[in-house]
Structure formats: C-alpha cells, structure tokens
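> this one's sequence-less:
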C-alpha cells in the first residue's frame, strides 16, 4: 500500500481522538486492526483503499480465522474498517465500502466453567455452628445462587418482598425485564432464614434488598464477586468461584438428573433453548446410563439366548 494511503489511517486515528473523543483503548484497538488490513493489502499488492473489495475482505477474514483470531476480534476489525471507510467517504470522496454485506463469523460460544458434585460438596462443607454474620450472609448468597440458578444481577437486585420462604419461591427480573419465579431449595431456605434473623440488625430504614452490607445498604455485584472468590479460597479452591460458575453447576446438575432441557430453560430464564443447550456437556458415561435405562431395546439380558 502506498505511503499516502497509509497516512490516511493516521489521519483517521487523529480524527477519532480530537473530533470524536474516543478513548485511548479504542483508538489503539482500531489502529491495531487497520494495520492488519494494510498488511493484507501489501501482501495482495493492493495499492490504495479504492481497490479493496468485498471478496478480498472475506479472504482476509478467512485467513485471520484460520490463524486463530477469535470471532470477537474479527468483528472488531470489521467495525474498525467500516468506520474507516465512512471517514474516507466524508474526507476523501471514496464511496465504495468493501465491508457492505460482510457477515462476521458468529461469536464463539465457549462452554462456561462448572463445578462437579464433589466440588459443590467441598464448597458447602461448612460448620453449621458458625455465628459470624458476614459469613452467614455469604453462605446464604452461595446457597441461593446454586439453589435457583440466578444471574449475578438478579441476585444483587433482589428485594425482600420477592423472596417467599413459606412457598419456597423467588421472583426475579431477568434479561429484557422479564420476570420469572424459581424454586428455592430446602438447604438454601434454612440458611436464608438464619441470614434474615441477622439482617434486621444491619439494615437501614427503607432498604429493601435481600443482601446488604454491614452499613445497611444493598451489596453491589462487584462486592458479591469478591466475597465469592474469598469464600472459594477459604474452602480450598485454586480456581475462581464466581456466580456464573454456580449458575452453570445448577443447570448442569439438573440436566444430568432430569434430562429435561425445556424445564431448565424456564428456570434459567433463557428466551431460546439453543442458549440452554450450551449447558448440556453431559459426559458419555451419564448418557450411556440414561440410554440403557430409557431405551426399550437397550436393556441387555443377563445371558445371551
């Protein structure tokens, strides 16, 4: 690519900084991505920005994907290139955009990390005689996460009126402001009852939150994450214990014991069942057991005929 064509990239970054006031991180990312595009143009003997077309952009995406660049990073590169061509149209009269009609690869859907049943037992291996208010609150948070599969935001924003220990149900507002009701397990209700007997000594007038700080205000999502990590270290874990790990364990263990994907979808508050399916990493031994028990022609006789 010719030098004056490369200077346009520097001018674009200058435009982002002084006219659009974008962050240093965004400008650095855009510059990094556009350097990849320029390197590709040099390799393909493309001398100016007018010559780059959609076919070549697709070839670039394919090569980057094969090199192991994540879908998210490729999407960002396309976004940077699209913004650059908008700038070129306004400032230099280049009206072709090779990014039009380019569909980025779908974002990688990594399987969330989970905890197996032995790890869950280790996590909840707690002396029931503990009387430290902070630990009892944290214990109740852990129990509710695993009992009901709540998201971090759902638990952090939970109000007392939406948790009914008599019926064993919790009402939460999930994504898209959709409300759902989820059962609360017996062990979780026991610990929550202990927490509520202590909560009244901390709470400020008018505060409705289920989980509060020592100062009497609603605990923040970030504080919950920190407390869960601290609890994990206290229980001997060398991996982070975070809310989504517990949500995944909730979903996985329900599926392993029921195989009812639709029910788990409802409990998790997923709009599409395809989202729930990422939790179905059932091991082969479990699948074989389910098959042997359920399939009418799978059961084997003790002795061959």
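Great, that's in hand. Since the model is a prediction, treat every value here as computed from it, not as a measurement. Residues are numbered from 1 along each chain as shown.
> mind listing the strands for the chain?
163-164, 169-173, 179-183 (DSSP state E).
> dump the residue contacts of residue 223.
residue 213 (CB atoms under 8 Å, 6 or more residues apart in numbering). (C-beta placed from N, C-alpha, C; glycine too.)
> now with 10 Å?
156, 211, 213 (CB atoms under 10 Å, 6 or more residues apart in numbering).
> got a markdown table for these, with neighbour count, distance to residue 181 and pLDDT too?
A markdown table is the format used below for those (neighbours: other CB atoms under 10 Å; distance: CB to CB, whole Å; pLDDT from 0 to 100):
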| residue | neighbour count | distance to residue 181 | pLDDT |
| --- | --- | --- | --- |
| 156 | 21 | 18 | 96 |
| 211 | 23 | 19 | 98 |
| 213 | 17 | 27 | 96 |
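> quick check: can you list the domain ranges of this structure?
3-92, 117-294 (the TED database).
> wait, what's in contact with the closest residue to residue 122 other than its chain neighbours?
In this structure, residue 122 finds its nearest non-sequential neighbour in residue 235, 6.0 Å apart by CB to CB, 6 or more residues apart in numbering. Applying CB under 10 Å, 6+ apart to residue 235 gives the contacts 119, 122, 123, 124, 125, 126, 142, 241.
> the first one: neighbour count?
Burial of residue 119, expressed as a neighbour count using other CB atoms under 10 Å, amounts to 17.
> repeat that for the fourth one.
Counted by other CB under 10 Å, the residues lying close to residue 124 total 14.
> circling back: dump the strands of the chain into a markdown table; add mean pLDDT and mean neighbour count as well.
Putting those into a markdown table (pLDDT from 0 to 100; neighbours: other CB atoms under 10 Å) gives the following:
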| stretch | mean pLDDT | mean neighbour count |
| --- | --- | --- |
| strand 163-164 | 96 | 17 |
| strand 169-173 | 92 | 18 |
| strand 179-183 | 91 | 15 |
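> ignoring the adjacent residues along the chain, who's closest to residue 241?
Residue 241's closest residue in space is residue 232 (CB to CB, 6+ apart), at 3.2 Å.
> show the pLDDT at residue 104.
Among the per-residue scores, residue 104 shows a pLDDT of 70.
> ok so, going back, ranking by neighbours, what's the top pick from the contacts of residue 235?
residue 142 (25 neighbours).
> contact partners for the closest residue to that residue other than its chain neighbours?
Distances taken as CB to CB, 6+ apart place residue 231 nearest to residue 142, at 6.5 Å, with adjacent residues excluded. Neighbour list for residue 231: 123, 126, 135, 138, 139, 141, 142, 237, 241 [criterion: CB under 10 Å, 6+ apart].
> I figured the second one hits residue 190, correct?
Going back to what we said before, that points to residue 126. No: in this structure, residue 126 is not within contact of residue 190 by CB atoms under 10 Å, at 11.6 Å.
> overlap in contacts of those two?
Going by CB under 10 Å, 6+ apart, residues that sit against residue 126 and also against residue 190 are residue 143.
> what sits against residue 155?
141, 144-145, 148, 170, 172, 210-211, 219, 221, 224, 243, 246-247.
> state which helix of the chain is the longest.
In terms of residue count, the longest helix belonging to the chain (DSSP state H) is helix 71-92.
> among the contacts of residue 235, name the ones in helices.
119, 122, 123, 142.
> residue 115: neighbour count?
22.
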